[in-house]
Structures are given as structure tokens and as C-alpha cells.
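J.: fold the following, please.
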Amino acid sequence: MRDRGKKLDNECALVMGITADLACQAIAKRRLDGDKVIYNSVKDSDIASWTELLSLLDLPPVLSQSTFPASLTVLDNGLTVIHQHTPAMPVAAVDVWVKAGAIAEPDEWTGMAHFLEHMIFKGTKRLPPGSFDLAIEGRGGMTNAATSYDYAHYFITTAAQHLDDTLPYLAELLLYAAIPDDEFGRERQVVLEEINQSYDDPDWLAFQSLNEMVYQCHPYGRPILGTAETLMARSPAEMRRFHRAHYQPQNMTVVVVGDVPNAAAIDLVSRTFQPFASPLDCPRHEPEAEPPITTIRRQELCLPRLEQARLMMAWIGPGVDSLSSALDTQLQAAYGMEMLSVLLAEGRTSRLVRELREERNLVQAISSGFSLQRESGLFTISAWLEPENLERVEAIICDRLSYLSAVPVSEAELARCKRLLCNDYAFSTETPNQLAGLYGYYSILANPEVAVTYPQRIQALQAADLQQLANHYLSPYHYAATVVRPL
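T.: Take a look at the predicted model:
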């Protein structure tokens, strides 16, 4: 993230089992407020078995979709534009989503996508560094950016009457980033400092260790920030190749939400997001078969200056593939997994919070989350506790997962989870920038039209569906666990 004083810059947004602001992170709707998600390429032979697995689940049928309130236009150059006119709000939010996240990097270029996010703002041949911020902030607007595994995105929010004067600056940066040699060296030191800071965060270290155990071959297991070794080995010329290879119109979606009429929005985007530079060749990640988790993968860390131990557990869940005929089933399974995370550890009356914190005082805090990603979702349970309670709490969690697979959820619990998730969605779709983020996120993962079906899909889930999902994905015998103890 560019503003390192904000939570958006915390690429460890997934660290507690939630995705970030971008969001990203969990299912878009409630993870998009703030978002730097540090929120794929699993080979068809194994996590390609997701489609096969999902076909075995008897989930609710495809729902009739709610009317999508925005328009979707594909320009002649292949750029996708999503627009929604909201005349009641005299602002305009533009969010540009690019399929150029960390999974686009070859292994030896780890960290390139995030580093490029920084370098985008270092100007072009026509715009010196700092001119973009001056143009946006000088008109009272705000801007930021985020990088995750599946995407990078860049957004501005401004008064609607200033959009004509501000959007051309963002388009210029995204299409023609100069990536100057001198700025490359200076900004690399900034990113290296981000990496050093992350090593001081025990929760980030624990989550990264967990990620690497879950995804031993897949890019989802690599740190989005990269490492000092990979960043020091890269050059400005290589970054220019990465930019020219991936920042092309067929990989980009421009979302405009606010008090801007449709014709004016489409015309502005058409004029400013062209012409694109010709693409360059760039190394790509070579997918490998990801070994399934067939036992309990465990790692223990001992860290200084730690007051409480950490227990983090993870299970691989369903991803989404916009080209798959099973997209509706995939989404329904993903939303069911999020409902399970709410059932287990959201709120004082959730199962694990009530038992482990409120009644038995075995943990200081416990949380759960499901992070929806394109090729493989990630379900996590994280606890903060005294070291002497680690083994006992892990055993209780596994026992409660077995019970969840065997006994259907009560109607009262089901109603509570649905109410929380649907209310969350309503509160996360109130402003233009929230809507722009939501549509952009789903344009990368699936397609934007399905974003508005979230409440319907949540309401369609039944106790038997959750029981099936828990049985398929949340095995108490096959998972990854990271334990962090005070040194």
C-alpha cells in the first residue's frame, strides 16, 4: 500500500484468517473496506479436483439473480468498464482492478507485483513524481492502492465535478508508468523496510508460516511482499517487462460509481484509457501439482518479547473459476464456508468464543475466517492463549469440528449467522467506493453480476449444506497448524 500509516498497507490482512481491505480479503463484501489483502495456479490435476469435489455436494440450486444495478461495457480494445449512476451522492469513485497480483510472478520474481504497485506512482514521461497526488489531493480527493495474490487495484474518490480532471492522471500512470532507475532504487528500500517490519510482527510470521505449509508449491504460499533476496535481484528493466505484459486492457476492469451519467463515464474512460503500449514477453509462473494435506502439518516457532502464544490452524477450501460451469456451486460452497466461520467464532455467542473464552477462559481471543481466492480458498481458526493451554485448545477445536460434521446446525444458530452476514453486506454496500470495490473484486474472481446475489445465496443455505461442507473441508485429521510460543 502507498499510505504506510493506514491499515491498508498491512499486507498481513489475512493474518487472522480474514482477508483484507481488500480487501481484500474473506468474501469481498465485508473485506473490501480498507483492503490490502495480502489476501494460483494450482495444477488441474489436484486442486482441479475442486470442481469434482463440489459436484458431489448437494448445495442449493442456482438462484435467480438479483438485477445488477450497474452497466457492464467492454470497449473495442478489450477493457471492461462497470458503471453505476448514484445521483444521490455527489461524489465519484473509480477503482481499477488488474489481474496482476502475486500469482502472476514466477518464483524468482516474488514481490514484483507489490513493488510495481509502489512504482506506478513514480510518474511517467509526462508526469513527474508527485504530480498525481497533487492533482487528486489538490481537489480534495483521496487515492490508494493494494496488491493481493489475485489482483492489484488502484482507486480514487473525488467530488463528481472533478472526475474529468483527475481520472486522466490515474490512467496515465497505469498505462505509461516510467519506472525510472533512480526511483526504483529508492523505492526498493521502502519495500525492504516493509519486509523488515513484517518480521517484527509475530502474527504475520505465524500466518506466513501457516501459508507456506498449506501451499507448498502454489504461489499462494509465497509472501506478497517478496523477500530481500528476490527484490535485490530484480532490475527496473524486468519490472517494465512485467508491467507491459500484465497491465493490458484484457486484464483490467475500470469501475466508476457516483454522480456521473453512464454516457459521460464511458466516454471519459474510453478517452483516457488508450492507447495501451504494446505488450512485452515476461516469465510466467510454471504451475506444479499441489500435494494434498493428508495428515496434520505442524510447525512451531519460538519468538522473543511475546506475551501470549498463538495457535493458527488452516484448511484448504473451494475457490472460484469464472469459466467453470460449476461457478454457482463454487460460490455457494464458498459462502457456506464463510457462514461456518461466523458460526464458529464471530461474536460472543458463537460456538468457540462462547466455550473457549466466555465459559472456560482458555483463550484470550479466538477468531475464524474464510478467504475467497480464485484457485483455492483458505479457512482459518486463530487463537491467542497461554502456552499451557495450546494442546488442550487445539484438541477441543478438532472435537468441535467433528461434532459440526456429525450434527446439523440448529435453526436458531443458522438464523443468527444469516442475519449477521446479510447485515454485514448491507453496511458494506452503502457508499460509491464500497460498491466500486465490490464490483471490481468480483470482476477478478468470478463476474461482477454475482456480487448482488450474496444475500439470496446466504439465505438459501441450510443446516444440511453446512454439515456437508464441514464434512468435506474441515477435517480434524487433515490440516495445517502453526504454534507460536514465547521464547
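
J.: sec struct for the closest residue to Pro129 other than its chain neighbours, please.
T.: Closest residue to Pro129 apart from its sequence neighbours, by C-beta to C-beta, 6 or more residues apart in numbering: Gly123 at 4.4 Å. In this view, the C-beta of every residue, glycine as well, is placed from N, C-alpha and C. Under DSSP: H, G, I helix; E, B strand; the rest coil, Gly123 falls in the coil class.

J.: go ahead and confirm Gly123 touches Ser131.
T.: Yes - using C-beta atoms under 8 Å, Gly123 is in contact with Ser131, at 6.7 Å.

J.: which one of the two has more residues nearby?
T.: Gly123 (21 against 16; other C-beta atoms under 10 Å).

J.: tell me the contacts of the more buried one?
T.: Pro129, Gly130, Ser131, Phe132, Leu173, Ala177, Ala178, Pro180, Glu183 (C-beta atoms under 8 Å, 6 or more residues apart in numbering).

J.: how far away is it from Glu183?
T.: For Gly123, the distance to Glu183 equals 8 Å [C-beta to C-beta, to the nearest Å].

J.: cool, Thr147 as well?
T.: On the measure of C-beta to C-beta, Thr147 and Glu183 end up 18 Å apart.

J.: and what of Ile458?
T.: Ile458 is 46 Å from Glu183, by C-beta to C-beta.

J.: same check on Thr429?
T.: 37 Å.

J.: burial count for the closest residue in space to Leu175 that isn't next to it in sequence?
T.: Once flanking residues are discounted, Leu175 sits nearest to Phe276: 5.8 Å by C-beta to C-beta, 6+ apart. The number of residues packed near Phe276 is 18, by other C-beta under 10 Å.

J.: same thing with Glu212?
T.: 17.

J.: let me see the contact set for it.
T.: By C-beta under 8 Å, 6+ apart, Glu212 lies in contact with Gly221, Arg222.

J.: can you list the buried residues in the helix or strand containing it?
T.: Under the criterion of DSSP states H and E, Glu212 resides in helix 202-214. Buried residues in helix 202-214, defined by neighbour count with 16 or more other C-beta atoms under 10 Å: 202-214.

J.: can you list those residues in TSV and add distance to Asp321?
T.: TSV is the format used below for the buried residues of helix 202-214 (distance: C-beta to C-beta, whole Å):
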residue	distance to Asp321
Pro202	35
Asp203	31
Trp204	29
Leu205	32
Ala206	30
Phe207	25
Gln208	26
Ser209	28
Leu210	24
Asn211	21
Glu212	24
Met213	24
Val214	19
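
J.: sec struct for the nearest residue to Gln248 once chain neighbours are set aside, please.
T.: Excluding its sequence neighbours, the residue lying closest to Gln248 (C-beta to C-beta, 6+ apart) is Pro279, at 5.4 Å. Look at Pro279: counting by three-state DSSP, its state is coil.

J.: list the contacts for Pro279?
T.: Contact partners of Pro279, counting by C-beta under 8 Å, 6+ apart, are Arg244, Ala245, Gln248.

J.: how far off centre is the helix holding Glu212?
T.: In terms of C-alpha atoms, centre = their mean, to the nearest Å, the centre of helix 202-214 is found 16 Å from the chain centre.

J.: go through whichever helix or strand comes after that helix and flag the buried ones.
T.: Toward the C-terminus, helix 202-214 is succeeded by helix 228-232 as the next helix or strand (DSSP H and E). In terms of neighbour count (16+ other C-beta under 10 Å), helix 228-232 has its buried residues at Thr230, Leu231.

J.: what's the answer for stretch 342-351, then?
T.: Buried-residue list, stretch 342-351, by 16+ other C-beta under 10 Å: Val342, Leu343, Leu344, Ala345, Glu346, Ser350, Arg351.

J.: what about that stretch, average pLDDT?
T.: Stretch 342-351 shows a mean pLDDT of 97.

J.: ok, now stretch 471-483?
T.: The average of the pLDDT scores along stretch 471-483 is 98.

J.: equivalent analysis for stretch 223-236, please.
T.: For stretch 223-236, the mean per-residue pLDDT is 97.

J.: export it as PDB, just CAs?
T.: What follows is stretch 223-236, C-alpha atoms only, in PDB (Å, rounded to 0.1, in the frame of the first residue of the first chain):
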ATOM      1  CA  PRO A 223       4.800 -13.700   0.800                       C
ATOM      2  CA  ILE A 224       3.200 -10.900  -1.300                       C
ATOM      3  CA  LEU A 225       5.900  -8.500  -0.200                       C
ATOM      4  CA  GLY A 226       8.600 -10.900  -1.500                       C
ATOM      5  CA  THR A 227      11.900 -11.300   0.200                       C
ATOM      6  CA  ALA A 228      15.000  -9.100   0.400                       C
ATOM      7  CA  GLU A 229      16.800 -11.700  -1.800                       C
ATOM      8  CA  THR A 230      14.300 -11.700  -4.600                       C
ATOM      9  CA  LEU A 231      13.800  -7.900  -4.600                       C
ATOM     10  CA  MET A 232      17.600  -7.200  -4.700                       C
ATOM     11  CA  ALA A 233      18.000  -9.500  -7.700                       C
ATOM     12  CA  ARG A 234      15.400  -7.600  -9.800                       C
ATOM     13  CA  SER A 235      16.000  -4.700 -12.200                       C
ATOM     14  CA  PRO A 236      14.000  -1.700 -13.500                       C
END
